[in-house]
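Engineer: Below: sequence and its predicted model.
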Number of protein chains: 2
Amino acid sequence: MTEWHLDPRLADDTHPLAQMALCDWRLMDDSHYPWLVLVPRVAGATELVDLSESQQQELLREVSRASHLLRASFAPDKLNVAALGNVVPQLHVHVVARNTGDIAWPGPVWGHAPASRYGPEALVERISMLLQGLADA
Amino acid sequence: MTEWHLDPRLADDTHPLAQMALCDWRLMDDSHYPWLVLVPRVAGATELVDLSESQQQELLREVSRASHLLRASFAPDKLNVAALGNVVPQLHVHVVARNTGDIAWPGPVWGHAPASRYGPEALVERISMLLQGLADA
């Protein structure tokens, strides 16, 4: 059994937010959009169907919880939920709050604009807000 | 209770493939990629979290089944699974077979190249192959 390690590219592009039952929840380091990345701690998984049925159901619960969190925190016009993995094959699910005025709208966020990384204060503020939202839910 | 109707833009961009317990399964009319679109027949739903818990679980089962179908039929390098809805808000889930040589790789398929619509014979062949794959599974 290989041990699970976060892919270094995901580690570089995101900040840790929380550890849930199945996934590490991380904040994409791109202030263009409130953008969470959920990474199941399952070694070798690259597709949803690589997870067991119970792991898939837990992932669904966490995606649902992340969706509610972004809705409650940012009142977005739309949520985008996606498991792509063309660049980083390690299974991860994007949950992104989209607004009709955001820089990529209505296109997808992937490969659109270079990331606008958070400054230290904005990052702390955003992480705190999300953790508070999780605690309140 | 409003009745569910397929969004006319989805109807125009896709062909009917099968009716499952929750979703209409449709084939995206773009021969660049084997691309299924699963549309839950739930009036007014635009987000995953608009579905009840049991509907979400059925959607997960159908996404898993569609993933296995594309894997078995096309042996793709990667699957892309996404619920976006920025252009057509009616809830629908894309399940796309990706290959490292496809026209958009490694970028997302949405908003990349104009669709290459199937000719009548290629369409019939593709639909028949998928239905056979469903029957064999």
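Structural biologist: That came through, no problem.

Engineer: how near is the closest residue to A:Y118 other than its chain neighbours to B:M129?
Structural biologist: In space, A:Y118 comes closest to A:S31 once its chain neighbours are excluded; the distance is 5.1 Å by C-beta to C-beta, 6 or more residues apart in numbering or on different chains. Every C-beta, even on glycine, is put in place using the N, C-alpha and C of the backbone. As judged by C-beta to C-beta, to the nearest Å, A:S31 and B:M129 stand 45 Å apart.

Engineer: Quick check on those two: which one has the bigger neighbour count.
Structural biologist: Neighbour count, other C-beta atoms under 10 Å in any protein chain shown: between A:S31 and B:M129, A:S31 has more, with 16 against 13.

Engineer: Local confidence estimate at that one?
Structural biologist: For A:S31, the pLDDT comes out at 97.

Engineer: Dihedrals phi and psi, it?
Structural biologist: phi -80, psi 0 (degrees, to the nearest 10).

Engineer: could you pull out the strands for chain A?
Structural biologist: Using DSSP state E, the strands of chain A run over A:14-19, A:23-28, A:35-40, A:78-83, A:93-98.

Engineer: Show me which residues of chain A are close to chain B?
Structural biologist: Taking C-beta under 8 Å from any C-beta of the partner chain as the criterion, chain A approaches chain B at residues A:46-49, A:56-57, A:60, A:63-64, A:67-68, A:71, A:78-87, A:89, A:98, A:105-108, A:110-111.

Engineer: that older thread, could you dump the strands of chain A into TSV and include mean pLDDT and mean neighbour count?
Structural biologist: Shown next, in TSV, are those (pLDDT from 0 to 100; neighbours: other C-beta atoms under 10 Å in any protein chain shown):
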stretch	mean pLDDT	mean neighbour count
strand A:14-19	98	16
strand A:23-28	98	22
strand A:35-40	98	23
strand A:78-83	98	22
strand A:93-98	98	24
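
Engineer: Figure out which of those is closest to B:T2.
Structural biologist: Across the strands of chain A, B:T2 has its closest neighbour in strand A:78-83 (20.1 Å, C-beta to C-beta).

Engineer: List the strands paired with the closest one, with their directions.
Structural biologist: Next to strand A:78-83 in the sheet, as set by DSSP bridges, lie strand A:93-98 (antiparallel), strand B:78-83 (antiparallel).

Engineer: as a whole number, average confidence for the longest helix belonging to chain A?
Structural biologist: Across chain A, the longest stretch assigned as helix under DSSP state H is helix A:53-74. For helix A:53-74, mean pLDDT rounds to 98.

Engineer: that older thread, isn't the residue nearest to A:Y118 up against A:P114?
Structural biologist: No. Judged on C-beta atoms under 8 Å, A:S31 makes no contact with A:P114 at a distance of 11.8 Å.

Engineer: Could you pull up the contacting residues of the residue nearest to A:Y118?
Structural biologist: Going by C-beta atoms under 8 Å, 6 or more residues apart in numbering or on different chains, A:S31 touches A:116-118, A:122, A:126.

Engineer: Nearest to A:L10, out of the strands paired with strand A:78-83?
Structural biologist: Closest to A:L10 of the strands paired with strand A:78-83, according to C-beta to C-beta: strand A:93-98, at 10.9 Å.

Engineer: quick one: the closest one to chain centroid distance?
Structural biologist: Centroid separation for strand A:93-98 versus its chain: 6 Å, with C-alpha atoms, centre = their mean, to the nearest Å.

Engineer: May I have it as PDB, with CA atoms only?
Structural biologist: Coordinates of each C-alpha in strand A:93-98 appear next as PDB, following Å, rounded to 0.1, in the frame of the first residue of the first chain:
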ATOM      1  CA  VAL A  93     -12.200  18.200  -7.300                       C
ATOM      2  CA  HIS A  94     -12.500  21.900  -8.000                       C
ATOM      3  CA  VAL A  95     -15.400  23.800  -6.400                       C
ATOM      4  CA  VAL A  96     -15.400  27.300  -7.700                       C
ATOM      5  CA  ALA A  97     -17.700  30.300  -7.000                       C
ATOM      6  CA  ARG A  98     -18.400  32.100 -10.200                       C
END
